[in-house]
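Asks: Sharing a model that was predicted from the sequence below.
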Amino acid sequence: MSTLILTCDTGEGHNSCAKAIKEVYDANGIPCEIINPVEFVSARFARLVHRIHTAMYQKFPTLFKVGYRFTQDHSRLTTAKGSFPYWILSRGVDQLNEYIILHQIDHIICVHPLLMMMVTELQRRYHTECQVAFVATDYTCSPGVSDSHPDVCFIPDDSLAEDFVCENIRYSQLIASGIPVRQQFYQVTDKKAAKAQLGIAEDAPHLLMACGSMGCGPMEELLDALAVENPIHITVACGNNESLRHRLFEKYSGYHHIHILGFVQDMSELMDSADLFVTKPGGLSSTEAAVKGLPAVYLNAVGGCESYNLAFFVQRNGAVSADSTAHAAALCRDLLRDSDKLEQMRQALKKLRLPNAGKVIFASMNEIKK
């Protein structure tokens, strides 16, 4: 059987999720491809979606929060059949159907709730026989999911089941798979060895800062507040935000305990070297850290669905949240001086026993007959 994974360029989290699933398929020799079906509407529209999403995250996070809340409260206007987003995404359905037929697709795995609008229209228009799965990449049921018709819905945790059950999705269709992350995150490099590779002494505290692939949030202000905290080593992963990377590199190039990076390919090993993680609570980055047992300080930079991710891990004592840059700096200082508290947070994350989601999804989909 051949599987198609649908993702889109609204941050790297959804793409990372798609790659994590494909990685397991590839390891088992099962045909699997990833595409961005928004490009079937038009390549220009796909680029526009990416640019708008990036701009909202980096420059207008309040607008994103308002938009997310509006989408939650007005699904008929934003995600249901007849809404403008549904209509414009439906313009790519004919080409999506042609792709499915050409490549003899049996299973569709969708990792973005907006793309479920396209799949829903595909089901309505062509009565496709493909088995359809939705994979949630946040610790909540995102707007639009309840308007779709997946055959199976992979959710992050059993405790969230009631959020997903609705007229179109029954309990029997839910599988608590966890959120898929790359297999490298299930491999551990000894902390001393990981620190040594970065030139950090084994007894020196190491703070890792990252705010998604877009490098959003008050990272520069937070680094300014913590830069004098020698001998704390601070590594800042700026993602694709090149302007931020250049500014920080120019400002801190003479500081031996501050390391400025761009987009990091091996975040797994970088996390192994860290004692504490400062980040926005994205679904993928939060799960990656949790799988590693890495305590986190959350900056709720964009809100929306990420507020639910924050609540999930804070309530389970694996993370703490800051309501300002000054508060975040204080939390980092205090936690890096409190080894007992950090160990308690690590143990809380281990107790979650997060499943290897990619393997769960692969096994579950292969049990579904066409």
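Replies: In hand now; what should we look at? Residues are numbered from 1 along each chain as shown.
Asks: CA only for contacts and neighbour counts going forward, please
Replies: Will do.
Asks: List the contacts of the residue most central in space within the chain.
Replies: In the chain, the residue lying closest to the centroid (CA atoms, centre = their mean) is Leu284, at 2.8 Å. Neighbour list for Leu284: Gly13, His14, Ser16, Cys17, Thr137, Asp138, Ile179, Pro180, Val181 [criterion: CA atoms under 8 Å, 6 or more residues apart in numbering].
Asks: Grab the nearest non-local neighbour of the first one.
Replies: The shortest distance from Gly13 to any residue that is not its chain neighbour, by CA to CA, 6 or more residues apart in numbering, is 5.6 Å, and that residue is Leu284.
Asks: what about that neighbour, which helix or strand?
Replies: Following DSSP states H and E, the helix or strand that holds Leu284 is helix 283-292.
Asks: How far does that helix sit from its chain's centre?
Replies: 8 Å (CA atoms, centre = their mean, to the nearest Å).
Asks: returning to what we had before: so which of the contacts of Leu284 would you say is closest to Val320?
Replies: Nearest to Val320, judged by CA to CA, of the contacts of Leu284 is Asp138 at 17.7 Å.
Asks: Sketch out the low-pLDDT regions of the chain for me.
Replies: Within the chain, the stretches with pLDDT under 70 are 57-58, 213-215, 229-230, 369-370.
Asks: How are the strands of it distributed by residue range?
Replies: Counting by DSSP state E, the segments of the chain that form strands are 3-6, 32-35, 107-110, 131-135, 152-155, 174-176, 206-210, 233-237, 258-261, 276-279, 296-299, 319-322.
Asks: now those strands in a markdown table, with mean neighbour count and distance to Arg124?
Replies: Output for the strands of the chain, formatted as a markdown table (neighbours: other CA atoms under 10 Å; distance: least, CA to CA, whole Å):
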| stretch | mean neighbour count | distance to Arg124 |
| --- | --- | --- |
| strand 3-6 | 24 | 18 |
| strand 32-35 | 18 | 21 |
| strand 107-110 | 24 | 15 |
| strand 131-135 | 23 | 13 |
| strand 152-155 | 25 | 17 |
| strand 174-176 | 20 | 22 |
| strand 206-210 | 23 | 41 |
| strand 233-237 | 23 | 43 |
| strand 258-261 | 19 | 46 |
| strand 276-279 | 24 | 40 |
| strand 296-299 | 27 | 41 |
| strand 319-322 | 22 | 43 |
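Asks: closest to Lys22 out of those?
Replies: Closest among the strands of the chain, once you apply CA to CA, is strand 32-35, at 6.2 Å.
Asks: Mind giving me the packing neighbours of that closest one?
Replies: Applying 3 or more CA pairs under 8 Å, 6 or more residues apart in numbering; DSSP states H and E, we find strand 32-35 packed against strand 3-6, helix 12-27.
Asks: re earlier: show me which positions of the helix holding Leu284 end up buried.
Replies: Gly283, Leu284, Ser285, Ser286, Thr287, Glu288, Ala289, Ala290, Val291, Lys292 (16 or more other CA atoms under 10 Å).
Asks: Output these as TSV; include the columns distance to Asp272.
Replies: Output for those, formatted as TSV (distance: CA to CA, whole Å):
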residue	distance to Asp272
Gly283	19
Leu284	16
Ser285	14
Ser286	14
Thr287	14
Glu288	11
Ala289	9
Ala290	12
Val291	11
Lys292	7
